[in-house]
Every structure is written in C-alpha cells, then in structure tokens.
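Colleague: Give me the fold of what follows.
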Amino acid sequence: MRAARFHADTKTNVVEDVPIPEPGPGEVLVKVAFCGICHSDLSLLDGTFPAMLPVVTQGHESSGTIAALGPGVQGWQVGDRVIPSAGKPDMKCRNCRRGDFTNCLNIQLMAFAYDGAWAEYTVAQAGGLTRVPDNVPLEQAALLADAVSTPFGAVVGTGQVKVGESVGVWGVGGIGTHIVQLARLVGAVPIIAFDINPVVRERALQLGADFAFDSRDENLREKVREATGGKMLDVAFDAAGLKVTSEQALSCLDVGGRLVVVGMSGQDVSLGSTAALVLSKKHVMGHLGYNVADIETLAQLVSRGRLDLSRSVSEIIPLEDVAKGIEKLLGHEGSPIRILVQP
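Modeller: Alright, predicted model coming up:
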C-alpha cells in the first residue's frame with residue numbers, strides 16, 4: 001500500500017510503498033477514506049515535537065471502513081463505517097492498572113508513537129472505534145477525531161463554558177473555528193473571535209461569532225469591554241498557542257476568568273506578577289485531546305443537524321499530494337479550516 005512516512009533524520013515526509021499491516025488481537029484493519037492534515041502533524045516536521053520513532057506514518061484524524069478483524073474482536077463487522085481513536089492507552093501506568101484507560105497517564109498518540117492514517121490502510125484498537133451514522137459523510141467524520149473533538153473537550157471539559165458566559169477565541173483556523181461553533185452550541189454569549197486575517201474574521205461571524213476583532217487593534221481591550229457590557233471575558237481560548245495570543249487573551253479576562261490554551265508552539269508565555277494573578281483570581285489551563293466518548297456525542301450532533309461541518313473541509317487532495325497540502329497549511333493558503341488527504 002501507499003503511505004506518507006515521516007523520516008526523523010531528515011525531517012521529511014515521503015510517500016512510499018509499505019506492507020499492508022495486519023490487525024492483532026483486539027484490533028481491526030481500517031481502509032482509510034479520509035485523513036486530515038493537522039498542525040500537530042506539522043510539529044514533527046518543524047521539530048516542535050521530538051520524534052518518537054525513526055520512521056512513522058503520519059496522520060491521526062481519520063475515517064474509513066473496517067477491512068478485516070483481528071482475533072477476538074466482537075461487535076464489529078467488515079464494512080462498518082468507523083472513526084479510529086487518535087490514541088491508545090499504554091496499559092502500564094497506574095490509571096491503566098486500575099482500569100481507567102480513558103485517563104491513561106502515558107497515552108500513545110497515533111502518528112507519533114505508532115503508525116497513523118496518511119495511508120491506504122491503518123490498524124486501530126477495536127475498543128477505540130466510533131461508529132459513523134449513515135447520514136454523516138466520511139469526510140466530515142474524519143474531522144471528529146481531533147479537529148472537532150479537541151475543541152469539544154476544551155469547551156465542555158477544561159473550559160466548562162456555561163450558558164450565558166462570554167467567550168473569546170484567539171486564532172480562528174481548524175481548532176478555533178470549531179471552538180466558536182461549540183461555544184455557541186452550549187449557549188455562550190457573546191462569542192468574540194480574534195484573528196489578524198479579515199477573511200477569517202468574516203468567516204467566524206458566519207459560523208456563529210457575535211463579534212470579530214483584529215487582534216492587532218490598539219483599542220482591543222476597550223472593544224472587548226464594550227462587547228461584553230463592561231465585564232470582559234469569562235473564558236478565553238488560545239487556539240494559536242503563541243506568546244502574544246496567550247498574553248493578550250489573559251489580559252482580556254474578567255476577574256476569575258479562565259484561559260484555556262489549546263494551540264501549541266515552542267514560545268514562552270508570561271503570566272505577569274504573582275500578585276496580579278492572585279488578585280485577579282484568573283485561571284490558566286492547558287488542554288490536549290479528548291475522550292473517545294466525545295466522538296460519539298459529536299457524531300450524533302452532526303447526524304441530527306445540531307452541528308454543521310459542511311464548511312469545515314477546505315480541500316480534499318490525493319495522498320500523493322500530501323506535501324502540497326502541508327505547504328498550503330503552513331502558508332495559510334486560502335485560510336483553510338482543514339485539508340483532507342484521500343488515499
């Protein structure tokens with residue numbers, strides 16, 4: 001089969017011929033339909049994430065159909081439409097030893113610790129699969145494995161956004177776009193999007209933001225104060241993960257507000273003086289990943305028309321063109337939400 005393989009020594013991604021993997025006990029072989037190109041995939045290429053393997057197949061946001069069952073797999077059949085989880089428990093940590101696999105302390109990430117889905121086939125644990133409803137397109141289903149489920153976990157879990165709370169989102173790309181949509185779904189008001197790109201700001205308004213501001217505006221805090229009726233933000237999400245965005249988001253929080261950092265970079269962030277942090281009672285939290293159960297919830301929301309992902313797929317490219325897709329994402333060409341690879 002064909003697979004896009006990352007080589008740690010040269011930090012390059014090359015499409016190569018490799019053997020079709022065989023599913024082991026409790027595993028299934030999935031014929032990949034679509035797989036997203038995520039910024040965390042690019043982190044291997046730029047060195048933000050250290051390589052865990054000398055060579056690995058990239059891609060962790062995937063959907064497809066079961067092609068074969070490994071020994072002992074029950075409840076699934078060949079042909080079932082599925083979303084593989086983008087991680088698996090290590091089965092060794094103290095949480096796994098007591099059966100709390102969801103909160104594994106050393107979760108093994110797909111496309112980093114083991115082969116991913118920029119390939120014609122991938123192997124997945126049967127216990128981490130989510131069934132895709134018949135009326136949900138597989139290209140939208142692929143997004144649920146990170147681009148939508150990670151924002152869901154950030155909004156509902158880490159951020160614990162409540163009805164009527166004011167929310168700000170810095171960076172309205174693949175992650176930020178879905179934070180805006182999910183914050184609206186849970187009843188946040190107002191929702192303010194921050195981005196330097198006017199096209200992205202306009203898109204954010206169309207997808208559910210109440211306001212969209214240029215984060216370079218010298219009067220930004222005053223505009224936030226006016227938009228929130230004088231109280232500033234209850235929850236701020238930094239989907240860019242930069243020093244400037246995190247610090248600006250922190251400055252726009254109300255007393256007791258929460259900053260949830262979802263985007264990642266190698267940049268250091270200053271929280272200001274400890275006195276200011278204590279007196280303002282602000283909370284700063286990092287968010288990573290999702291619970292597998294969240295994917296099923298999101299699949300039902302899409303299936304029942306509560307969550308619209310029809311604009312989330314920016315482009316579908318063949319596996320052989322994955323390098324071009326990476327360049328487009330790095331260059332923000334067309335302000336993509338998510339580019340999908342189709343093997």
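
Colleague: Which positions in stretch 322-334 come out as buried?
Modeller: For stretch 322-334, the buried set under the neighbour-count rule, 16 or more other CB atoms under 10 Å, comprises 322, 325-326, 328-329. Heads up, the C-betas are built off the backbone N, CA and C, glycines and all.

Colleague: would a markdown table of the residues you listed with secondary structure, distance to G153 and pLDDT be doable?
Modeller: What follows is those, written out as a markdown table (DSSP: H, G, I helix; E, B strand; the rest coil; distance: CB to CB, whole Å; pLDDT from 0 to 100):
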| residue | secondary structure | distance to G153 | pLDDT |
| --- | --- | --- | --- |
| V322 | helix | 27 | 93 |
| G325 | helix | 25 | 92 |
| I326 | helix | 25 | 90 |
| K328 | helix | 27 | 89 |
| L329 | helix | 22 | 87 |
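
Colleague: Using TSV, please lay out the residues you listed together with distance to A67.
Modeller: Conversion of the buried residues of stretch 322-334 to TSV gives the following (distance: CB to CB, whole Å):
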residue	distance to A67
V322	21
G325	24
I326	27
K328	30
L329	28
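
Colleague: now, which of those residues sits nearest V260?
Modeller: When the buried residues of stretch 322-334 are compared for distance to V260, the smallest value, 23.0 Å, is given by L329; criterion: CB to CB.

Colleague: looking at it, the closest one is touching S335, isn't it?
Modeller: No - counting by CB atoms under 8 Å, L329 stays clear of S335, with 10.5 Å between them.

Colleague: Which parts of the stretch 201-343 of the chain are helices?
Modeller: Assigned helices in the stretch 201-343 of the chain, in chain order: 220-227, 243-251, 274-280, 292-303, 322-330 (criterion: DSSP state H, counting those that start in this stretch).

Colleague: State the distance from the spatially closest residue to S149 that is not a sequence neighbour to S335.
Modeller: By the measure of CB to CB, 6 or more residues apart in numbering, the closest residue to S149 outside its immediate chain neighbours is Y290, 3.8 Å from it. When distances are taken as CB to CB, to the nearest Å, Y290 and S335 turn out to be 24 Å apart.

Colleague: Look at those two and report which has more neighbours.
Modeller: Neighbour tally, Y290 and S335, criterion other CB atoms under 10 Å: the higher count belongs to Y290, 24 against 16.

Colleague: which residues touch the worst-scoring helix or strand of the chain on mean pLDDT?
Modeller: Per-element confidence for the chain was summarised using mean pLDDT, DSSP states H and E. The lowest value among helices and strands belongs to helix 39-46, with a mean of 81. With contact meaning CB atoms under 8 Å, 6 or more residues apart in numbering, helix 39-46 is reached by 6, 8, 11-13, 49, 51, 58-60, 111-112, 146, 174-175, 263-264, 326, 329-330.

Colleague: Can you tell me which of those are buried?
Modeller: By neighbour count, with 16+ other CB under 10 Å, the contacts of helix 39-46 hold 6, 13, 49, 58-60, 111-112, 146, 174-175, 263-264, 326, 329 as buried.

Colleague: Can you flag which of the residues you listed belong to strands?
Modeller: Members of the buried ones among the contacts of helix 39-46 lying in strands (criterion: DSSP state E): 6, 13.

Colleague: What residues does H178 make contact with?
Modeller: With contacts defined as CB under 8 Å, 6+ apart, the neighbours of H178 are 147-148, 151-152, 312.

Colleague: one more time with 7 Å, if that's ok
Modeller: 147-148, 151 (CB atoms under 7 Å, 6 or more residues apart in numbering).

Colleague: picking that back up, separation between the residue nearest to S149 and V189?
Modeller: The spacing between Y290 and V189, counted by CB to CB, is 24 Å.
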